[in-house]
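In: Following is a predicted model, sequence given first.
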Amino acid sequence: MNFELQSTDTNSKARAGVITTDHGVIETPIFMPVGTAGSVKAVTQDQLKEEVKAQIILGNTYHLYLRPGTRILEQAGGLHKFNGWDRPILTDSGGYQVFSLAANRKIKEEGVVFQSHIDGSRHLFTPENVIDTQRSIGADIIMAFDECPPYPSEYDYAKKSMELTHRWLARCATQMGNTEPKYGYEQSLFPIVQGSTYKDLRQASAEFVASMDCDGNAIGGLSVGEPEEMMYEFSALCCDYLPTDKPRYLMGVGNPWNILENISLGIDMFDCVMPTRNGRNGMLFTTQGVINIKNKKWENDFSVMDEGLDCHTSRFYTKAYLRHLFVSSEILALSIASIHNLAFYLHLVKEARAHIIAGDYNAWKNEMIPRLKQRL
């Protein structure tokens, strides 16, 4: 994997770059649709390419390990062949999912013992076998195994958790070095900065992560319930200590204004289930603000969802029709809303990139955020 930094905004730390992988090029800043179990919910791979304009998608190690399992994925030739997506894929290590099963897991130095949410069977995730599983899945970018502490966390817990994450990271890096990709293309490891909401811990973690000299770096443990301003504070702090010549990925963020603010702090990559999850519940993000399409006010509004997007779905279906589908519990509603929201997110980061290159990103961001927050 290679990262080329192309441009920096005049009045912020926003960056435009290009990540080159064996499955294609990713222009940053970028939003990555979440395909947890190998599928972005309610959206086909062709729609992701043609309508959404997605350049990279996510899979999740925890879910793919449980179902369909590495045996099936290896027989298929990896996730790219299994799901028909021929562009880059990133896999989350499963750490966040395992640790969200607080009542059904036990953390120890070796790794984490957990119970499957599917059938209650017991499993062990270690740094080593999580790397092996991601080798089998075949993602272009694979995440180190970490512990994601909740918010708020006591200082002592956050410190011990961070130190465990660092020890696991060293083991992940060793396992990467001791193994080879399975499908004839390169895979890159991204470590994850932790440390909860403590400045000294975040700095120490960012410095440790930077010292690993991996192809890119991630920031975890934000957008887990802390106030927005705190998220921005710690995102900025981490960026101060992470290398400028590597991509920076802020995990699990976020809504459109969160993304724009974090881009201005130096973040390059984002993922979040919000566009698809909120879309399936009738919330649309648009270039003019936020719409609850189930509201009666849209019953006879025959304007299209968003003229401002280069997306056939967004410029073809009307608000009145989409509302009808939702109130009629038609499955098509979930697909249309999901495609639209993802297309909006990809449009937003494309616009951000253009303004970074033009040098006026900060002014554009400050104009856009109040508009995006409007409830229509």
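Out: Yep, it's here. Numbers count the residues shown, from 1 in each chain.
In: so residue 42 touches residue 341, yeah?
Out: No - in this structure, residue 42 is not within contact of residue 341 by Cβ atoms under 8 Å, at 10.6 Å. From N, CA and C alone the C-beta is placed, and that goes for glycine too.
In: Give me the common contacts of these two.
Out: Counting by Cβ atoms under 8 Å, 6 or more residues apart in numbering, the common neighbours of residue 42 and residue 341 are residue 276.
In: quick one, which of these two is more surrounded?
Out: Using other Cβ atoms under 10 Å as the criterion, residue 42 and residue 341 rank with residue 341 on top: 28 against 18.
In: ok, residues contacting whatever helix or strand residue 124 lives in?
Out: If you go by DSSP states H and E, residue 124 is part of strand 122-125. For strand 122-125, the surrounding residues in contact (Cβ under 8 Å, 6+ apart) are 62, 65-66, 94-95, 98, 110-116, 145.
In: Does the worst-scoring helix or strand of the chain on mean pLDDT pack against any helices or strands, and if so which?
Out: Of all regular secondary-structure elements in the chain, judged by mean pLDDT, DSSP states H and E, the least confident is helix 95-100 with a mean of 77. Packing partners of helix 95-100 (3 or more Cβ pairs under 8 Å, 6 or more residues apart in numbering; DSSP states H and E): helix 61-66, strand 105-107, strand 112-115.
In: in that helix, what's buried?
Out: 95-99 (16 or more other Cβ atoms under 10 Å).
In: cool, stretch 140-158 as well?
Out: So stretch 140-158, judged by 16+ other Cβ under 10 Å, has buried residues 140-149, 151, 153, 158.
In: after the strand holding residue 124 comes which helix or strand?
Out: Later in the chain than strand 122-125, the nearest helix or strand by DSSP H and E is helix 127-137.
In: what does whichever helix or strand comes after that following helix rub up against?
Out: Downstream of helix 127-137, the next assigned helix or strand under DSSP H and E is strand 141-143. Residues outside strand 141-143 that contact it (Cβ under 8 Å, 6+ apart): 1, 21, 61, 88-93, 95, 131, 134-135, 187-190, 192, 215-216, 218.
In: same thing but 6 Å
Out: 90-93, 134, 187-190 (Cβ atoms under 6 Å, 6 or more residues apart in numbering).
In: for stretch 168-181, same thing?
Out: Against stretch 168-181 from outside (Cβ under 6 Å, 6+ apart): 127-128, 131, 135, 144-145, 187, 189, 191.
In: related to what we said a few turns ago, buried ones only from the contacts of strand 122-125, please, as a PyMOL command.
Out: To isolate the buried ones among the contacts of strand 122-125 in PyMOL, judged by 16+ other Cβ under 10 Å, type:
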select buried, resi 62+65+66+94+95+98+111+112+114+145
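In: And the contacts of stretch 168-181, which two are furthest apart?
Out: By the measure Cβ to Cβ, 135 and 191 form the most distant pair in the contacts of stretch 168-181, at 16.7 Å.
In: neighbour count winner among these two?
Out: residue 191 (28 against 21).
In: buried sites along stretch 172-186?
Out: So, applying 16+ other Cβ under 10 Å, buried residues of stretch 172-186: 172-173, 175-176, 182-183.
In: Can you measure across it, start residue to end residue?
Out: Start-to-end span of stretch 172-186 (Cα to Cα, to the nearest Å) is 16 Å.
In: Now do it, average pLDDT.
Out: The pLDDT scores in stretch 172-186 average 98.
In: and if you look at stretch 302-320?
Out: Regarding stretch 302-320, the rounded mean pLDDT is 98.
In: Name the residues of it that come out as buried.
Out: Neighbour-count burial for stretch 302-320 [16+ other Cβ under 10 Å]: 304-306, 309, 311, 313-314, 317, 319.
In: Out of the residues you listed, list just those in helices.
Out: Residues of those located in helices (DSSP state H): 313-314, 319.
In: helix, strand or coil for the spatially most distant residue from the centre of the chain?
Out: Residue farthest from the centre of the chain, counting by Cα atoms, centre = their mean, is residue 300 at 35.8 Å. What DSSP: H, G, I helix; E, B strand; the rest coil gives for residue 300 is coil.
In: can you check residue 18 too?
Out: With three-state DSSP as the criterion, residue 18 reads strand.
In: Bridge partners for it, pull those for me.
Out: residue 4, residue 27 (DSSP bridges).
In: Hmm, residue 2 and it touching each other?
Out: No - the pair residue 18 / residue 2 is not scored as a contact, 8.2 Å apart, by Cβ atoms under 6 Å.
In: Who has more neighbours out of these two?
Out: Per other Cβ under 10 Å, whichever of residue 18 and residue 2 has more neighbours is residue 18, with 14 against 10.
In: Which pLDDT value belongs to the more buried one?
Out: 98.
In: got the residue ranges for the helices in the stretch 201-350 of the chain?
Out: 228-241, 256-265, 274-280, 312-316, 319-327, 331-358 (DSSP state H, counting those that start in this stretch).
In: how about those helices in a markdown table, adding distance to residue 290?
Out: Shown next, in a markdown table, are those (distance: least, Cβ to Cβ, whole Å):
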| stretch | distance to residue 290 |
| --- | --- |
| helix 228-241 | 16 |
| helix 256-265 | 9 |
| helix 274-280 | 9 |
| helix 312-316 | 15 |
| helix 319-327 | 13 |
| helix 331-358 | 10 |
